[in-house]
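Q: Sequence and predicted structure, then a few things I'm wondering about:
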Amino acid sequence: MQRIEKTFAGRPLLIETGKMAKQAAGSAMVKFGDTMVIAAVTVSDNRSTLPFFPLTVEYRAKTYAAGKIPGGYIKREGRPSDDEILSARIIDRSIRPLFPEGFQNEVQVFVYVVSADQENDHDVLGLLAVSMALSQSRIAWNGPISGVRVGRIQGKWVLNPTFQQLEYSDLDMVVAGTADAIMMVEGGALEVSESDVVEALQIAHKGIKEQIGFQDELLAAHREPKMAWTKVTAPAEVVATVEAAAKNRIAAALNQADKHTRIQAIEAVKKAVKEEMAGVLPPEHLPFVGGILGDLEYHALRSQVLETRKRVDGRDTKTVRPISIDTSVLPRAHGSALFTRGQTQALVAATLGTANDVQRIDSIDEKAETNKTFMLHYNFPPFSTGEVRPVRGTSRREIGHGNLAERALQGVLPPFEEFPYTIRIVSDILESNGSSSMASVCGGSLSLMDAGVPIKGAVAGVAMGLIKEGKKYAILTDILGTEDHLGDMDFKVAGTGEGITSIQMDIKIEGLDLAIMTEALAQAKEGRLHILGEMAKALPTHRADLSPWAPRIVTININPEKIGDLIGPKGKTIRGIQEETGAEITVDDTGLVTIAAVGGESMERARQMVQQITAEPVVGETYEGVVKSTTAFGAFIEIMPGTEALLHISEIQHGRTEKTEDHFKKGDRVTVKLIDRDERGRLRLSRKVLLPKPEGYVEPAEGEGAAVGGEGEGERRDRGDRGGRGRDRR
């Protein structure tokens with residue numbers, strides 16, 4: 001067993017290998033604060049024949065890590081949550097580029113979160129543990145790497161901020177990299193500048209290099225010899241033969257503006273060359289032809305861009321494809337937009353819901369269940385690319401793209417207190433040829449404005465690409481699917497005209513220096529501002545009114561002691577109001593009542609009924625009450641539901657009153673004025689102050705002419721508690 005204990009970002013960091021999961025090819029445990037993760041990696045001894053590198057990353061946060069039992073009927077962990085899938089994607093995207101080209105043995109990575117202190121996030125710890133496990137194993141991998149989270153609180157950069165600190169941060173970004181370069185970026189921000197992002201990357205890289213130093217120190221003591229493997233390559237004479245037959249034909253076929261025309265042209269060339277090679281090459285060399293043709297396509301696109309700066313659809317490196325926008329395309333949706341950029345199209349709809357529509361999330365990172373009031377769901381059906389394939393539920397890619405778009409829009413939404421709606425956006429991709437997630441950002445922003453949501457500003461996104469050979473490189477704005485597939489980088493940047501709100505970067509080469517990233521950010525800003533300009537032509541700001549099909553919401557603050565009166569026994573009272581008015585009513589523990597209804601009349605009726613039940617009596621106000629009982633010293637009047645006050649016999653009329661029953665009986669309605677509330681909360685009413693004084697009437701001096709029949713003042717005080725307080729009639 002090997003272990004190393006260090007201090008990182010002011011907290012203890014422990015890395016340990018050789019103690020747990022010893023039958024795996026490699027394993028490691030990382031503990032930061034009291035958050036602890038275990039990573040185990042395994043590898044197949046046989047080379048896969050799949051046309052891609054078979055890497056699988058599984059990430060599971062165990063509920064026992066936070067001392068919890070899973071909710072629901074099934075008391076064991078089920079399918080991974082969205083957060084677990086997003087953490088797995090961060091690890092996958094960070095480690096994948098460092099497996100050597102041609103290595104095709106299947107690799108599996110498992111990460112378990114086994115302790116959660118509800119202060120320190122575990123995703124970056126999982127990446128550190130995986131790097132350590134891969135580096136000390138026999139698996140062919142060009143690590144180590146590391147990852148950190150960076151935030152900024154009151155202008156100061158913080159590495160691996162706690163959950164509590166992140167609430168005050170204007171940036172939350174995960175950065176992974178080697179000691180020499182950045183590998184992966186994922187994060188969101190509150191309209192920060194491009195220079196702020198570059199500075200955050202510099203700060204993060206310092207932390208990454210520090211953690212790699214910890215790993216190198218531990219690896220010096222123990223590292224397994226790497227496994228033997230052979231890269232399968234085609235004989236040189238086979239490569240030359242295929243290249244001579246296909247190079248120029250593939251280069252010509254690539255230059256088609258339409259995606260499907262281009263694909264068909266390339267496939268036609270490949271099919272023809274394969275048929276030709278069947279009569280030229282020996283049978284044992286024919287399996288190499290497909291791979292060689294793929295390499296020719298790869299190099300043809302890249303060399304054309306680097307040498308001529310002309311892309312396969314005819315654009316230069318900075319031009320954004322043509323954009324068309326339609327809003328209010330769905331009559332009954334609360335807000336909708338059809339955003340088309342080139343051959344990428346997103347149909348996006350916004351729905352405004354009530355507090356009952358929030359998503360309730362039970363996480364090991366929170367002490368209690370939390371509510372999510374904004375959701376963006378992204379769907380990528382096979383017809384969007386003209387494919388036929390089975391649909392097996394929401395894919396990891398769909399969850400990742402939806403999270404990226406959701407984060408881009410989160411920062412411009414109005415506070416829930418000012419706009420108390422649960423908001424759901426759904427982006428259905430109808431066509432795809434590059435950057436459908438950024439189309440979802442643009443369409444999502446437009447659908448929110450179409451719904452009348454008062455967002456801070458419109459948000460647009462653009463995907464940037466990179467082609468790099470040696471020191472020559474080209475940064476591409478608004479990449480095509482082909483450029484994403486054959487290029488070296490997919491760098492997505494979303495934001496407003498004021499700054500960046502979301503960023504994601506994946507690369508396929510071993511790292512990227514900050515100079516190129518700085519240039520890419522500046523070029524992305526140009527593209528983003530162009531797209532925002534096109535969006536402003538279609539819808540310059542949010543609509544003044546909500547859709548007639550959207551619920552209207554009003555909030556009322558009531559005394560928390562009145563919550564029981566509003567709810568009633570077993571919910572009878574609040575349920576009755578909802579059934580009578582058609583409104584939806586929710587109340588929280590603070591006394592905030594939210595009333596939602598489609599139609600102002602039903603909402604207003606519900607509001608009045610709630611106020612009648614929960615209103616507090618005000619001294620000086622006049623009420624029409626009901627006599628609940630009479631006594632020798634006065635009458636008890638219910639002036640509000642559940643609230644009774646004493647009308648003393650001396651306050652019934654001007655002059656002496658012999659008997660209360662001479663004026664009132666139980667059930668009578670009487671108009672009275674609240675004249676006093678004493679320090680114990682007892683309420684006193686008067687009827688006579690509302691009556692004209694008889695001619696010549698003189699008010700008796702205080703203490704004279706007790707106007708009480710049958711009982712003295714002392715007995716009245718003994719019974720006063722019954723009528724002085726509002727009684728609970730639940």
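A: Great, that's in hand.
Q: And residue 332, how far from residue 677?
A: 51 Å (Cβ to Cβ, to the nearest Å). C-beta coordinates here come from the backbone N, C-alpha and C atoms, glycine included.
Q: more neighbours, the two?
A: A count of neighbours by other Cβ atoms under 10 Å puts residue 677 above the other of residue 332 and residue 677, at 17 against 9.
Q: Hmm, that one is touching residue 683, no?
A: Yes - counting by Cβ atoms under 8 Å, residue 677 touches residue 683, with 5.5 Å between them.
Q: Can you name every helix or strand that the strand or helix carrying residue 603 contacts?
A: Secondary structure assigned from DSSP states H and E places residue 603 in helix 600-614. Helix 600-614 sits against strand 552-557, helix 563-567, helix 572-581, strand 592-597, with contacts defined as 3 or more Cβ pairs under 8 Å, 6 or more residues apart in numbering; DSSP states H and E.
Q: Between residue 677 and residue 683, which contacts overlap?
A: Common contact partners of residue 677 and residue 683 (Cβ atoms under 8 Å, 6 or more residues apart in numbering): residue 617.
Q: Quick check: which of the helices and strands packed on helix 600-614 is buried the most?
A: The highest mean neighbour count among the helices and strands packed on helix 600-614, using mean count of other Cβ atoms under 10 Å, belongs to strand 592-597: a mean of 22.
Q: Which positions in stretch 320-338 come out as buried?
A: For stretch 320-338, burial by neighbour count (16 or more other Cβ atoms under 10 Å) applies to 320-321, 323, 325, 327-328, 330, 333-338.
Q: Can you flag which of the residues you listed belong to helices?
A: If you go by DSSP state H, the buried residues of stretch 320-338 have nothing in helices.
Q: tell me which of the residues you listed is nearest to residue 368?
A: residue 334 (30.5 Å; Cβ to Cβ).
Q: hang on, the closest one packs against residue 328?
A: No - assessed by Cβ under 8 Å, residue 334 is found out of contact with residue 328, at 10.3 Å.
Q: list the residues that contact both of those two?
A: By Cβ under 8 Å, 6+ apart, no residue touches both residue 334 and residue 328.
Q: got the contact list for residue 38?
A: Applying Cβ under 8 Å, 6+ apart, the residues near residue 38 are 20-21, 27-29, 111-112, 114, 129.
Q: Give the bridge partners for it, please.
A: residue 29, residue 112 (DSSP bridges).
Q: Could you measure from it over to residue 119?
A: 19 Å.
Q: In what element of secondary structure is residue 483 found?
A: Here residue 483 is assigned to helix 481-486, by DSSP H and E.
Q: For that helix, what is the distance to the chain centroid?
A: 28 Å (Cα atoms, centre = their mean, to the nearest Å).
Q: List the buried residues in it.
A: For helix 481-486, by 16+ other Cβ under 10 Å, it's 481-484, 486.
Q: Columns distance to residue 693 on top of those residues, output as JSON lines?
A: Putting the buried residues of helix 481-486 into JSON lines (distance: Cβ to Cβ, whole Å) gives the following:
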{"residue": "481", "distance to residue 693": "90"}
{"residue": "482", "distance to residue 693": "95"}
{"residue": "483", "distance to residue 693": "92"}
{"residue": "484", "distance to residue 693": "90"}
{"residue": "486", "distance to residue 693": "97"}
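Q: Quick check: residue 441 touching residue 461?
A: Yes - checked against Cβ under 8 Å, the pair residue 441 and residue 461 is within contact range at 3.8 Å.
Q: low pLDDT regions in this structure?
A: In the predicted model, the chain carries pLDDT under 70 at residues 700-730.
Q: Next, the contact list for the closest residue to residue 316 other than its chain neighbours, please.
A: With sequence-adjacent residues excluded and distances taken as Cβ to Cβ, 6 or more residues apart in numbering, residue 316 is closest to residue 309, at 5.9 Å. Applying Cβ under 8 Å, 6+ apart, one finds that residue 309 lies in contact with 316-317, 474.
Q: what's the closest of the buried residues of stretch 320-338 to residue 358?
A: For these, the nearest to residue 358 is residue 334 (16.6 Å; Cβ to Cβ).
Q: Surely residue 338 is in contact with residue 443?
A: Yes - using Cβ under 8 Å, residue 338 is in contact with residue 443, at 7.3 Å.
Q: in what helix or strand does residue 149 lie?
A: strand 146-153.
Q: chain center to that strand: distance?
A: 18 Å.
Q: Tell me the strands beside it, with direction?
A: Under the rule (DSSP bridges), strand 146-153 has strand 156-159 (antiparallel), strand 169-177 (antiparallel) as partners.
Q: mind exporting the helix holding residue 603 as CSV, just the C-alpha atoms?
A: Only the C-alpha atoms of helix 600-614 are listed here, as CSV (Å, rounded to 0.1, in the frame of the first residue of the first chain):
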residue,chain,number,x,y,z
GLY,A,600,-57.6,36.4,-13.7
GLU,A,601,-61.1,36.0,-12.4
SER,A,602,-60.5,32.7,-10.7
MET,A,603,-57.2,33.9,-9.3
GLU,A,604,-58.8,37.0,-7.8
ARG,A,605,-61.6,35.0,-6.2
ALA,A,606,-59.1,32.6,-4.7
ARG,A,607,-57.0,35.5,-3.4
GLN,A,608,-60.0,37.0,-1.7
MET,A,609,-60.9,33.8,-0.1
VAL,A,610,-57.4,33.2,1.2
GLN,A,611,-57.3,36.8,2.5
GLN,A,612,-60.6,36.4,4.3
ILE,A,613,-59.3,33.3,6.1
THR,A,614,-55.9,34.5,6.9
